[in-house]
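> model this:
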Amino acid sequence: MTSIAVRPMTVDDLTLVSKLERLFPSEGDRGWLPEDARQFEDALPQLQQVGVDLVIADYDGAAVGFGMIAPRNDQLGIDRASLSRVLTHVAVLPEYRKRGVGSRLLDDLSSRAKRSGAALLFAHIPASLRALYEDAGWTVTAPEAGIAWIEEPSMQLWTDMSAKGMNAGPRRKLSLLRHDDADGDTEYPCMAYKVLNDRKINTLFAFPGGQVPSPLRAYRLLASLCIQRPETFVGLPPDVSQQVEPFVRELAGDQALMDLKRARR
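The predicted structure is shown next:
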């Protein structure tokens, strides 16, 4: 009987991972992989410390696939406050594709992300892999569409903003609208995501393709969503609703904003 097992990557797997990186370059940073065993051994504790998880898939005892999840990055650098994680790599040797190895890697990495406390896992993928991700329980956006979401408030976000000299206001938990942008100019135009804990993720929605998903644009789109579905506004954390209110007024007028605020009472 065929056996597929997923395990942590070791220094002995460097040759396989290097080969897979050459065959299937990742959408993200291609310079992450250490060049030799000593560099990898030195780098591994640092990678693990910031939340990077590296795994290998064995097919009947032979190493044939590789996967990696990492924290998302934002304007502050590594977003330690975020409850989301990014699936940056899933690759399988060509002769072992369509044997369930990719699906097993997706399932294992989703479980690892959830155990680490992540509430959302997302990836940039080629359109050709839509079926693989959807069969594994992921949602895949249309090409070039980004996603935005609100997470459970975090004190860590306030700490990180203050450390960077940014105005975080009074010391309190903060909840911000986060977003990640699809890149239609690459070979990875679609976004795939999987909600791992729906109690900690609020109001996840996709950006229409071709629009610039800047923070202001994200709030304007969320305001439009609230106007169309007032129950969305009712469920927003206070920090986010305060940012959305000016855009509701801009798009629909004072009366519409008053109606939404009244619905929250």
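
> Retrieve the pLDDT associated with the residue nearest the centre of the chain.
In the chain, the centroid-proximal residue (CA atoms, centre = their mean) is residue 122; its distance is 3.5 Å. With respect to pLDDT, residue 122 scores 94.

> Which of the three states applies to it?
The three-state label given to residue 122 by DSSP: H, G, I helix; E, B strand; the rest coil is strand.

> Can you verify my assumption that it contacts residue 196?
No. Applying CB atoms under 8 Å as the test, residue 122 and residue 196 come out as separate, 10.6 Å apart. (Each C-beta comes from the backbone N, C-alpha and C, glycine too.)

> thinking again about what came up before, bridging across strands, which residues link to the residue nearest to the centre of the chain?
Taking DSSP bridges as the rule, residue 122 bridges to residue 86, residue 193.

> what about the residue nearest to residue 203 when sequence neighbours are not counted, distance to residue 65?
Of all residues not flanking residue 203 in the chain, residue 150 sits nearest, at 5.0 Å (CB to CB, 6 or more residues apart in numbering). Counting by CB to CB, to the nearest Å, the separation of residue 150 from residue 65 is 34 Å.

> Check residue 120 too.
For residue 120 relative to residue 65 (CB to CB), the value is 23 Å.

> ok so, going back, give me every residue that touches the residue nearest to the centre of the chain.
Taking CB atoms under 8 Å, 6 or more residues apart in numbering, we find residue 122 in contact with 84-87, 147, 180, 191-194.

> let's go with 10 Å and repeat that
72, 84-87, 138-139, 141, 146-147, 149, 180, 191-195, 204 (CB atoms under 10 Å, 6 or more residues apart in numbering).

> What ranges does the chain have for its strands?
4-8, 53-59, 62-71, 73-74, 77-78, 84-92, 120-125, 139-140, 147-151, 177-180, 190-195, 201-206 (DSSP state E).

> could you dump these to CSV with distance to residue 43?
Output for the strands of the chain, formatted as CSV (distance: least, CB to CB, whole Å):
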stretch, distance to residue 43
strand 4-8, 14
strand 53-59, 10
strand 62-71, 13
strand 73-74, 18
strand 77-78, 15
strand 84-92, 15
strand 120-125, 22
strand 139-140, 32
strand 147-151, 29
strand 177-180, 25
strand 190-195, 27
strand 201-206, 31
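
> Compare the mean pLDDT across those strands and name the weakest.
Of all the strands of the chain, mean pLDDT reaches its minimum on strand 77-78 (a mean of 62).

> where in this protein is pLDDT low?
Within the chain, the segments meeting pLDDT under 70 span 25-35, 74-81, 153-154, 157-158, 161, 166-174, 183-185, 208-214.

> Just the helices from it, written as ranges.
Here the chain has its helices, by DSSP state H, at 14-23, 37-49, 101-115, 130-135, 155-163, 215-228, 230-234, 238-252, 254-264.

> Quick one: closest of those helices to residue 3.
Comparison of the helices of the chain against residue 3 by CB to CB identifies helix 101-115 as nearest, at 10.5 Å.

> what distance separates that closest one from the centre of its chain?
Centre-to-centre, helix 101-115 and its host chain are 14 Å apart (CA atoms, centre = their mean, to the nearest Å).

> so what sits against both of residue 122 and residue 196?
With contacts defined as CB under 10 Å, 6+ apart, the residues adjacent to both residue 122 and residue 196 are 84-85.

> That'll do, ta.
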